[in-house]
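Novice: below is the structure, and that's it, no one-letter string:
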Ligand SMILES: [Cu+2]
C-alpha cells in the first residue's frame, strides 16, 4: 500500500515546485525561524536539515533586504551661499489684486508706492561644489532660500559659503539632529561656559559644512501627513538676519514615502508660503513690507495647480509681535492637524510651521491672503489658481 505523503513531505515538494524568487523567500523565512528557534521548520525527514544551498540563498536574501533598508538612508548634499541682493517686493510696480474702484492694474498704494526695493542678504542654492551654477527656483518661492529636503533616515550635508561682504552668517535648522558645530547658532552656555560651535559664525569668504540628521523625531509623527516643514535661518544675530532675508524651508518626508528628490509620493504639488512683515525702516510704515514669500499686493505669482491635485501647503510665520497672521484661502477648504480638522484659515505666530492639505477641485483663481485687517490693507495678499 502506498503511503500518503506526510504534511512535511508535501511542504518540501511545494518548496521545490516554487519558482526561484518564491523559494528564496520561503528559505529566508526558514532561516529566520532557525535563528529564532534554534531548530528547523519541521520538514520531510529525508530532506537534508536545511541544505547549505538553501541557507546560502536565505542569507543572501536577508542581506539584500538589509541592504535595501539602508540604501534608503541617503546623504544629500546641498550647496548654499549667502549673497547680497537687491530685493523688489513688488517687481510689477503695481497692485495686481485689488484697486478700490480704479481700473486694473493699479498703482501701489502709499506709502509703499516708491519704496519697495531694498538691500537684502539671501540664501542662494548652487548645483555644484564650485558654486558656479545657481539652481533656478520656482517663482513663487520668492525671497526664501532653497527648499532643502530629506527623507527620515537621511543625512543632509549643507555646504555653506558666505559670499556676502556684509557680515558673518550661519545656517541653523529647526527639527533636525546636529552636533554643536552644526547647530549654526551663536551663544554661550550659561551653566558650563560652553562656547559656540564652529558653524555658529561663518565669516565673509569662508565656508562651513553643516551635517544635519533627519532622524525619526525630525519626520512626521504617527498619524500626521507624510511630510512636514521646518524653518532654517541664520542665527549669528537671529532677528537681524531673518529680517535681512536669510531664511528658508526644510521639508522632511516620512520614511518610505519619498520620491528620489525627497518630496512625498502621495502629493501632487507642495507650496511654501511664509508670512513675514519685513522691517526696512526701523518700524516706519513705509518700510513695513507685509509680504508673503517677500512679495506684496499680488506680486507673488505661480501658485498654480490642476483640478484633482492633492496640494500640500506648508505655512510659515516669522518676525515680531506684529507678525500674527491668519492665512486664508478662498474657493477651497483644507485639513490640518492630527486628527485632521477642516478649515480655510490657519493661525501663525513668529517661527510657526504648519502643514495643511487641499484637494484642488474648484476651478478658478482665488484670493489667498492674511486675514488680519491691517495686513490686508498693507498688501499681504495674492491669488492661487486651479486649472481645469
Ligand atoms: Cu498677517
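Specialist: Great, that's in hand. The shown structure was predicted, so the numbers you read here are calculated from the model rather than taken from an experiment.
Novice: up against the ion, what does this protein have?
Specialist: With C-beta under 5 Å from the ion as the criterion, the chain comes near the ion at residues 325, 370, 372, 375. Backbone N, C-alpha and C define where each C-beta goes, glycine included.
Novice: out of these, which is nearest to residue 114?
Specialist: Using C-beta to C-beta, residue 375 comes nearest to residue 114 of these, at 21.0 Å.
Novice: surely the closest one is within a strand?
Specialist: No - Residue 375 is assigned helix when assessed by DSSP: H, G, I helix; E, B strand; the rest coil, not a strand.
Novice: ok, now which ones touch it?
Specialist: Each residue near residue 375 by C-beta atoms under 8 Å, 6 or more residues apart in numbering is listed here: 277, 290, 325, 369.
Novice: cutoff 6 Å now
Specialist: residue 290 (C-beta atoms under 6 Å, 6 or more residues apart in numbering).
Novice: how about residue 330?
Specialist: 366-367.
Novice: and it, what pLDDT?
Specialist: pLDDT, residue 330: 98.
Novice: and it, how far is that from the ion?
Specialist: 16 Å (C-beta to the ion, to the nearest Å).
Novice: can you check which strand is longest in the protein?
Specialist: Criterion DSSP state E: the longest strand present in the chain is strand 75-88.
Novice: tell me which strands and helices that strand is in contact with?
Specialist: strand 117-126, strand 155-162 (3 or more C-beta pairs under 6 Å, 6 or more residues apart in numbering; DSSP states H and E).
Novice: which residues touch residue 251?
Specialist: So residue 251 contacts 149, 227, 229 (C-beta under 6 Å, 6+ apart).
Novice: any chance of the residues of the chain next to the ion in TSV, plus secondary structure, distance to residue 381 and pLDDT?
Specialist: Putting these into TSV (DSSP: H, G, I helix; E, B strand; the rest coil; distance: C-beta to C-beta, whole Å; pLDDT from 0 to 100) gives the following:
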residue	secondary structure	distance to residue 381	pLDDT
325	strand	12	98
370	strand	7	97
372	coil	11	95
375	helix	8	96
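Novice: most surrounded residue in these?
Specialist: residue 325 (30 neighbours; other C-beta atoms under 10 Å).
Novice: chain neighbours aside, what residue packs nearest to that one?
Specialist: Spatial nearest neighbour of residue 325, excluding adjacent residues (C-beta to C-beta, 6 or more residues apart in numbering): residue 275 at 3.9 Å.
Novice: the one you found: which element?
Specialist: strand 269-279 (DSSP states H and E).
Novice: given that strand, what are its sheet partners and their directions?
Specialist: Here strand 269-279 has these sheet partners by DSSP bridges: strand 288-292 (antiparallel), strand 310-317 (parallel).
Novice: next, format the ones you listed as a markdown table and append mean neighbour count.
Specialist: Formatted as a markdown table, the strands paired with strand 269-279 follow (neighbours: other C-beta atoms under 10 Å):
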| stretch | mean neighbour count |
| --- | --- |
| strand 288-292 | 26 |
| strand 310-317 | 22 |
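Novice: using TSV, please lay out these together with mean pLDDT.
Specialist: Formatted as TSV, the strands paired with strand 269-279 follow (pLDDT from 0 to 100):
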stretch	mean pLDDT
strand 288-292	98
strand 310-317	98
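Novice: quick one, domains of this protein?
Specialist: Annotated domains of the chain cover 7-71, 75-387 [automatic domain parsing].
Novice: point to the residue nearest the middle of this protein.
Specialist: Nearest to the mean C-alpha position of the chain, by C-alpha atoms, centre = their mean, lies residue 251 at 1.2 Å.
Novice: would you map the helices across this structure?
Specialist: 7-17, 20-37, 52-71, 238-244, 373-377 (DSSP state H).
Novice: the longest one - what's its average pLDDT?
Specialist: The average pLDDT for helix 52-71 rounds to 57.
Novice: ok, and the helix or strand in this protein with the lowest average confidence?
Specialist: helix 20-37 (a mean of 49; mean pLDDT, DSSP states H and E).
Novice: any weak-confidence spans in this structure?
Specialist: Along the chain, segments meeting pLDDT under 70 span 1-72, 101-102.
Novice: and residue 131, what does it touch?
Specialist: Here residue 131 is in contact with 79, 81 (C-beta under 6 Å, 6+ apart).
Novice: if I look at it, how far off is the ion?
Specialist: 35 Å.
Novice: how about residue 307?
Specialist: 29 Å.
Novice: wait, doesn't that residue sit right on residue 364?
Specialist: No - Residue 307 lies out of contact with residue 364 (C-beta atoms under 6 Å); the separation is 9.7 Å.
Novice: would you agree residue 164 is in contact with residue 121?
Specialist: Yes - using C-beta under 6 Å, residue 164 is in contact with residue 121, at 5.0 Å.
Novice: find the residues that touch each one of the two.
Specialist: With C-beta under 6 Å, 6+ apart as the test, residue 164 and residue 121 both reach 82, 84.
Novice: more neighbours: which of the two?
Specialist: Neighbours per residue, other C-beta under 10 Å: of residue 164 and residue 121, the larger number sits with residue 121, 24 against 21.
Novice: quick one: residues contacting the more buried one.
Specialist: So residue 121 contacts 82, 84, 164, 166, 244-246 (C-beta under 6 Å, 6+ apart).
Novice: same check, this time on residue 105
Specialist: Going by C-beta under 6 Å, 6+ apart, residue 105 touches 94, 96.
Novice: so which of the helices and strands packed on strand 75-88 gets nearest residue 238?
Specialist: Per C-beta to C-beta, nearest to residue 238 of these: strand 117-126, 13.4 Å.
Novice: surely residue 344 is in contact with residue 329?
Specialist: Yes - look at residue 344 against residue 329 with C-beta under 6 Å: they come within range, at 5.2 Å.
Novice: so for these two, which residue has more residues nearby?
Specialist: Neighbours per residue (other C-beta under 10 Å) separate residue 344 from residue 329, with residue 329 holding more: 21 against 15.
Novice: now residue 134: how far from the ion?
Specialist: In terms of C-beta to the ion, residue 134 sits 31 Å off from the ion.
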